[in-house]
Every structure is written in structure tokens, then in C-alpha cells.
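1. just the structure for this:
(one chain, ligands or ions: 1)
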Amino acid sequence: MIKRAIIVANWKMNPASLKDAGKLFDSIAKSISNVKKTEVVICPPFIYLERLKKFSKKISLGAQDAFWADAGAFTGEISGEMLYDIGVKYVILGHSERRALGESNIDVNKKVKAAFSSGLRPILCVGESVRDDSHSYFNLVKIQLHECLNGVSKNSISKVIIAYEPVWAISSTINRRDATSTDCQEMAIFIRKILFDKFGSESQKVRVIYGGSANEKDAKDFLSSGGVDGLLVGRASLDAKKFVEIIKIAENLVK
Ligand code: PGA
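-> Below is the predicted model of the structure:
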């Protein structure tokens with residue numbers, strides 16, 4: 001059973017046109033009118049955000065990144081202030097596909113703090129690229145959490161969502177393999193312990209979610225046995241039917 005379920009779609013750089021984005025968003029929105037207890041967030045490419053806003057009040061919007069400065073000479077960047085201004089609520093930060101392009105924990109930390117000051121809620125992605133027998137991946141996730149959340153106050157921490165995304169299970173990873181709900185549960189417990197040690201009891205309000213090829217077939221297992229409050233869904237969120245199925249699975253598991 002989950003208390004505050006949240007299902008987040010990460011559309012990445014899809015779909016290819018505003019028309020297709022509108023269709024996808026609309027068919028998801030129409031199919032979830034009975035969903036009352038599960039928060040649904042869609043994170044489309046930046047340029048679709050404002051146009052999708054008008055389709056549904058039920059779905060919150062998230063961006064896939066936001067820069068660390070409010071304004072200025074930063075060609076190509078978009079600030080949290082700009083996103084907040086058009087009604088965006090969440091922002092994915094530190095996704096492994098951005099880390100692979102060179103983003104460091106220090107960059108992510110600056111973006112987390114900027115997101116807070118502009119009123120956005122960060123969905124902070126952490127997760128190891130490989131697992132080894134020495135279990136050093138726990139330490140890697142610990143470092144990611146400490147460095148990316150450095151300087152975040154105890155008062156703000158409850159607004160963060162931590163997305164555990166083992167890179168080896170994400171659909172874009174070559175030779176990916178499935179993570180199990182046990183892999184997920186172990187790490188979710190570990191993440192909650194790190195947060196508790198760093199932020200005390202306020203951290204108990206933080207939602208921890210799982211991402212890594214989550215789909216309509218394994219959603220129930222991750223949500224009921226993975227120790228998480230929701231899912232960050234990439235590929236399966238581009239198919240309205242599959243994504244709606246995932247949302248309904250979550251809805252049925254909420255207390
Ligand atoms: P996936 O993507 O579900 O396609 O693996 C998840 C993510 O990368 O956020």
C-alpha cells in the first residue's frame with residue numbers, strides 16, 4: 001500500500017510535433033477522470049509545456065531540466081522562474097541522460113537550489129551505472145544525495161522527490177537489464193536512511209519513486225513491494241494506454 005502516490009511521465013525528446021504531444025496528453029487526461037488519489041505529472045519537452053497546460057487541470061506539468069541562474073547571458077538555457085511563471089510545478093534534475101552529457105553533482109545542486117527559490121519542486125534523479133559485488137553503488141548514491149542536496153534546508157526537503165533510476169535498467173541503456181522490486185526496495189530504504197540522517201524527521205515526508213523501464217507489467221510489483229511512492233516512467237509514458245494502466249495500478253494501491 002502506498003500513501004501519496006505519484007506517477008511521473010518523462011517524455012524525453014518526444015513526441016516529434018506539438019500536434020502529437022497534444023493528442024497524447026489529451027488521451028491520458030480523458031482516461032483518468034476517475035483517478036482521485038494518485039498525482040499525475042507529465043514532463044514534456046520545454047516548448048510543449050505552455051500549450052499543454054490548458055488541456056487538463058488534473059495533470060501537473062514538470063520540466064526535464066532548469067538552469068541554475070534566474071536570468072542573464074546564458075544562451076540556450078531556461079530558468080526555473082520562467083517555468084514557474086507559465087504554471088510548471090515540478091522539474092526533473094540530475095537525470096542520467098543529462099549527467100552523461102557532462103552534468104556533475106555540483107551543477108545539479110545549483111539547479112536544485114535554484115528550483116526551490118523559483119517555486120518549483122525538484123524530482124532529483126540518483127542511481128548507479130553498474131552494480132558490483134562490493135556494493136559500492138550504495139556509496140555512489142549516498143554521495144549523489146549529499147552533493148546534490150548540499151545546502152538544502154530542513155524546511156524545504158519535504159518538497160523534493162527522489163527518483164531512484166539505476167542507469168543499467170533504463171530503456172536507453174544498451175544491454176540494459178531489468179531491476180527487481182527487491183533491488184528497488186533495498187535502495188529505497190537506503191535513500192530514506194541517508195535523508196533521515198541528513199535532514200531528520202522532515203525527511204519522512206519525502207517521496208521516493210522508481211524509474212528504469214517501469215511499465216504496465218511490472219508497475220504493480222514495484223509499487224507494492226519496491227518500497228516506493230511512485231514511478232518515473234519514460235518509454236511506457238509515450239503510449240497513452242500503457243501509461244493510464246500504470247496510473248490505475250497506482251490508484252488501486254493507495255491506502
Ligand atoms: P525508461 O525511462 O522508463 O524509458 O527507462 C525512465 C527515465 O529515464 O526517466
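
2. CA only for contacts and neighbour counts going forward, please
-> Fine.

3. mind listing what residue 236 touches?
-> 213-216, 242-243 (C-alpha atoms under 8 Å, 6 or more residues apart in numbering).

4. what's the answer for residue 50, then?
-> Contacts of residue 50 by C-alpha under 8 Å, 6+ apart are 86-87.

5. pLDDT score for it?
-> According to the prediction, residue 50 has pLDDT 95.

6. double-check that it belongs to a helix.
-> Yes - assessed with DSSP: H, G, I helix; E, B strand; the rest coil, residue 50 lies in a helix.

7. sheet-wise, list the partners of the helix or strand harbouring residue 125 with their directions.
-> In the assignment (DSSP states H and E), residue 125 maps to strand 121-126. According to DSSP bridges, strand 121-126 forms sheet pairs with strand 90-93 (parallel), strand 161-164 (parallel).

8. for whatever helix or strand comes next after the last one, packing partners?
-> Per DSSP H and E, strand 161-164 leads on to helix 181-199 as the next helix or strand towards the C-terminus. In terms of contact count using 3 or more C-alpha pairs under 8 Å, 6 or more residues apart in numbering; DSSP states H and E, helix 181-199 is assigned the packing partners helix 136-148, strand 161-164, strand 207-210, helix 219-225.

9. can you list contacts of the longest one?
-> By that I understand helix 136-148. By C-alpha under 8 Å, 6+ apart, helix 136-148 touches 105-106, 108-110, 112, 126-128, 130-131, 187, 190-191, 194.

10. run the last query once more with 6 Å
-> For helix 136-148, contacts defined as C-alpha atoms under 6 Å, 6 or more residues apart in numbering pick out 105, 108-109, 127-128.

11. quickly name whichever of those residues is closest to the ligand.
-> Of all the contacts of helix 136-148, residue 127 has the smallest distance to the ligand: 10.8 Å, by C-alpha to the nearest ligand atom.

12. can you show me the strands along the stretch 1-150 of the chain?
-> Assigned by DSSP state E, counting those that start in this stretch, the stretch 1-150 of the chain shows strands spanning 6-10, 39-43, 59-63, 90-93, 121-126.

13. mind putting those strands into CSV with mean pLDDT and distance to residue 159?
-> Converted to CSV, the strands of the stretch 1-150 of the chain look like this (pLDDT from 0 to 100; distance: least, C-alpha to C-alpha, whole Å):
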stretch, mean pLDDT, distance to residue 159
strand 6-10, 98, 13
strand 39-43, 98, 14
strand 59-63, 97, 14
strand 90-93, 98, 10
strand 121-126, 98, 6
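
14. just so I know, which of these lies nearest residue 166?
-> strand 121-126 (7.6 Å; C-alpha to C-alpha).

15. which residues of this protein lie near the ligand?
-> Proximity of the chain to the ligand, by C-alpha under 6 Å from any ligand atom, involves residues 10, 170-171, 211-214, 232-235.

16. in CSV, list those along with neighbour count.
-> Listed next are the residues of the chain next to the ligand as CSV, based on neighbours: other C-alpha atoms under 10 Å:
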residue, neighbour count
10, 24
170, 24
171, 18
211, 28
212, 26
213, 26
214, 26
232, 27
233, 25
234, 23
235, 20
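
17. what would the residues you listed look like in JSON lines with distance to residue 142?
-> Compiled in JSON lines, those are given as follows (distance: C-alpha to C-alpha, whole Å):
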{"residue": "10", "distance to residue 142": "24"}
{"residue": "170", "distance to residue 142": "20"}
{"residue": "171", "distance to residue 142": "24"}
{"residue": "211", "distance to residue 142": "18"}
{"residue": "212", "distance to residue 142": "19"}
{"residue": "213", "distance to residue 142": "23"}
{"residue": "214", "distance to residue 142": "23"}
{"residue": "232", "distance to residue 142": "20"}
{"residue": "233", "distance to residue 142": "23"}
{"residue": "234", "distance to residue 142": "24"}
{"residue": "235", "distance to residue 142": "27"}
